[in-house]
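Trainee: let's see this in three dimensions:
(one chain, ligands or ions: 1)
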Amino acid sequence: MSSKVYNFSAGPGILPTEVLQQAASACINFDDLSLSLLEISHRSKNFEAVMEEARELAAQLLGLSAGWKVLYLGGGASLQFAMVPYNLLTNDGFAAYVNTGVWATKAIKEAQVLGNVKVIASSEDNKFSYIPRGYEIPTDADYLHLTSNNTIFGTQMKSFPKSEVPIVVDMSSDIFSRPIDGNQFSLIYAGAQKNMGPAGATLVAVREDILGKTGRKMLAMLDYKVHIKGGSMYNTPPVFPVYVCLLTMRWLRDNGGLPWMAQRNKEKSECLYAEIDRNPMFVATVPKAEDRSDMNACFLLTKPELENEFNALWKDAGISGITGHRDVGGYRASMYNALPLDAVKTLVEVMKSFEQKFG
Ligand SMILES: *Cc1c(COP(=O)(O)O)cnc(C)c1O
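Mentor: Reported below is the predicted structural model:
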């Protein structure tokens, strides 16, 4: 594996090298069984142990108290856009959503198919470049839906509103990036492929007491209770993604946990944003520092006509994956947990040399 590529991909994103190595070896010979992880029964005791530890470690990292259940489901975070209202939205009630970007908009659309939705705050008026604040949360909502990190536009909630209403949060792109008291929420979900593992598994943590209240006749595969009862193995779970998520969580735990991760992530994002703000060749798309994502930093060239020159410089330096999302343009540097500080320093050097050559 070449160590010279600095992988800033927005998703699927970078994973720790040692996790990839352990995962690769488990594909050949898992647990000294002389069998691949990919060719053993999910009901084998070896895989049951993987699933159990993966559920436990996630609960530990999120600080979840008793009453929470952790699942690994297929269908991506996008299936949760549907499963959340399907399991929580009542016929006569409504759900409250905060619209902070493309993903939140998709979540809202799915909920609207199943029932009533009130969008109680939105940053759409300014291209989703900020986090809305000071909105009222209706106390009679079935739930409130938030997106903790807006992967595409590069905003992140640094704190969360308080409410009696169950809070559902899409943490797909900043799960395990900082210590968070999971108990302030009632349901947390995250697609694995941004910050945990390969595409194919979605972490869902849910407080069991919020379930079973809609009166809806439930399809088994879309019913959290069915998956809980089956220990997240109602049907064949995504065995390989679950295993890699487990390896990543062990890596986090063994290196100092989420406080360590948060410090590392802060160091990286501060280093990059400082350069974006200092360097006259660049401008951040998210103006307020407190709204800027530590995971995805979005920026534009102040002289867009120099795009080819800048692209040549970063490609030459071994940087990969910083082209911006098609909805935003410009650049997006995704600095997920596994990205080393060294990668960010390399990008900053490139930005400085761009200024020296073309400024
Ligand atoms: C990537 C992403 C999704 C969609 O995830 P899929 O697993 O592709 O369905 C949803 N929400 C957020 C915040 C994301 O970053």
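
Trainee: please make it C-alpha for all contacts and neighbour counts, starting now.
Mentor: Fine.

Trainee: only alpha carbons, please: show the host helix or strand of Ser25 as PDB.
Mentor: Using DSSP states H and E, Ser25 sits in helix 17-28. Extracted in PDB, the C-alpha atoms of helix 17-28 (Å, rounded to 0.1, in the frame of the first residue of the first chain):
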ATOM      1  CA  THR A  17      -4.200   1.400   7.800                       C
ATOM      2  CA  GLU A  18      -4.000  -1.200  10.600                       C
ATOM      3  CA  VAL A  19      -7.800  -1.700  10.400                       C
ATOM      4  CA  LEU A  20      -7.500  -2.400   6.600                       C
ATOM      5  CA  GLN A  21      -4.700  -4.900   7.300                       C
ATOM      6  CA  GLN A  22      -6.600  -6.700   9.900                       C
ATOM      7  CA  ALA A  23      -9.700  -6.700   7.700                       C
ATOM      8  CA  ALA A  24      -7.700  -8.100   4.800                       C
ATOM      9  CA  SER A  25      -6.300 -10.900   6.800                       C
ATOM     10  CA  ALA A  26      -9.700 -11.800   8.200                       C
ATOM     11  CA  CYS A  27     -10.900 -12.200   4.600                       C
ATOM     12  CA  ILE A  28      -8.400 -15.000   4.200                       C
END
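
Trainee: now do the domain split for the chain, please.
Mentor: 17-254, 257-358 (automatic domain parsing).

Trainee: can you add distance to the ligand, mean neighbour count and mean pLDDT and give those back as TSV?
Mentor: Formatted as TSV, the domains of the chain follow (distance: least, C-alpha to the nearest ligand atom, whole Å; neighbours: other C-alpha atoms under 10 Å; pLDDT from 0 to 100):
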stretch	distance to the ligand	mean neighbour count	mean pLDDT
domain 17-254	3	19	98
domain 257-358	10	18	97
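
Trainee: switch those over to TSV; also include distance to Ala10.
Mentor: Formatted as TSV, the domains of the chain follow (distance: least, C-alpha to C-alpha, whole Å):
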stretch	distance to Ala10
domain 17-254	7
domain 257-358	5
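
Trainee: which other helices and strands contact the helix holding Ser25?
Mentor: Where contact means 3 or more C-alpha pairs under 8 Å, 6 or more residues apart in numbering; DSSP states H and E, helix 17-28 is packed against helix 239-254.

Trainee: how far out from the middle of the chain is whichever helix or strand comes after the helix holding Ser25?
Mentor: Next along the chain after helix 17-28, taking DSSP H and E as the criterion, comes helix 45-61. Relative to its chain's centre, helix 45-61 lies at 20 Å (C-alpha atoms, centre = their mean, to the nearest Å).

Trainee: let the chain start at 633 from now.
Mentor: Okay, using 633 as the starting number, the last item reads as helix 677-693.

Trainee: what's helix 677-693 packed up against?
Mentor: Other helices and strands packing on helix 677-693, by 3+ C-alpha pairs under 8 Å, 6+ apart, are strand 700-705, helix 871-886.

Trainee: can you redo these as JSON lines with distance to Pro936?
Mentor: Converted to JSON lines, those look like this (distance: least, C-alpha to C-alpha, whole Å):
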{"stretch": "strand 700-705", "distance to Pro936": "42"}
{"stretch": "helix 871-886", "distance to Pro936": "38"}
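
Trainee: ok, now which ones touch Ile812?
Mentor: Neighbouring residues of Ile812 by C-alpha atoms under 8 Å, 6 or more residues apart in numbering: 694-695.

Trainee: state the distance from it to Lys920.
Mentor: For Ile812, the distance to Lys920 (C-alpha to C-alpha, to the nearest Å) stands at 22 Å.

Trainee: what do you get for Ile820?
Mentor: As for Ile820, its distance to Lys920 is 26 Å (criterion: C-alpha to C-alpha).

Trainee: what's the answer for Ile740, then?
Mentor: 26 Å.

Trainee: over to Cys930?
Mentor: Distance from Cys930 to Lys920, by C-alpha to C-alpha: 12 Å.

Trainee: same question, Tyr866
Mentor: Using C-alpha to C-alpha, Tyr866 is found at 45 Å from Lys920.

Trainee: try Glu680
Mentor: Taking C-alpha to C-alpha, one finds Glu680 at 46 Å from Lys920.

Trainee: swap in Asp841?
Mentor: 38 Å.

Trainee: cool, Ala656 as well?
Mentor: Computed with C-alpha to C-alpha, the distance linking Ala656 and Lys920 is 42 Å.

Trainee: with Phe942 instead?
Mentor: Counting by C-alpha to C-alpha, the gap from Phe942 to Lys920 is 25 Å.

Trainee: which parts of the stretch 833-982 of the chain are helices?
Mentor: Applying DSSP state H, counting those that start in this stretch to the stretch 833-982 of the chain gives helices spanning 856-861, 871-886, 889-910, 939-948, 973-990.

Trainee: dump the ones you listed to TSV, plus distance to Ala773.
Mentor: Below are these laid out as TSV (distance: least, C-alpha to C-alpha, whole Å):
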stretch	distance to Ala773
helix 856-861	20
helix 871-886	33
helix 889-910	32
helix 939-948	47
helix 973-990	42
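
Trainee: ok, Arg964 touching Asn928?
Mentor: Yes. Between Arg964 and Asn928 there is a contact under C-alpha atoms under 8 Å: 6.2 Å.

Trainee: mind listing the shared neighbours of those two?
Mentor: Here Arg964 and Asn928 have 642, 786 as joint contacts, going by C-alpha under 8 Å, 6+ apart.

Trainee: tell me how far the ends of stretch 835-852 are from each other?
Mentor: Start-to-end, stretch 835-852 (C-alpha to C-alpha) is 18 Å.

Trainee: now do stretch 905-923
Mentor: Start-to-end span of stretch 905-923 (C-alpha to C-alpha) is 12 Å.
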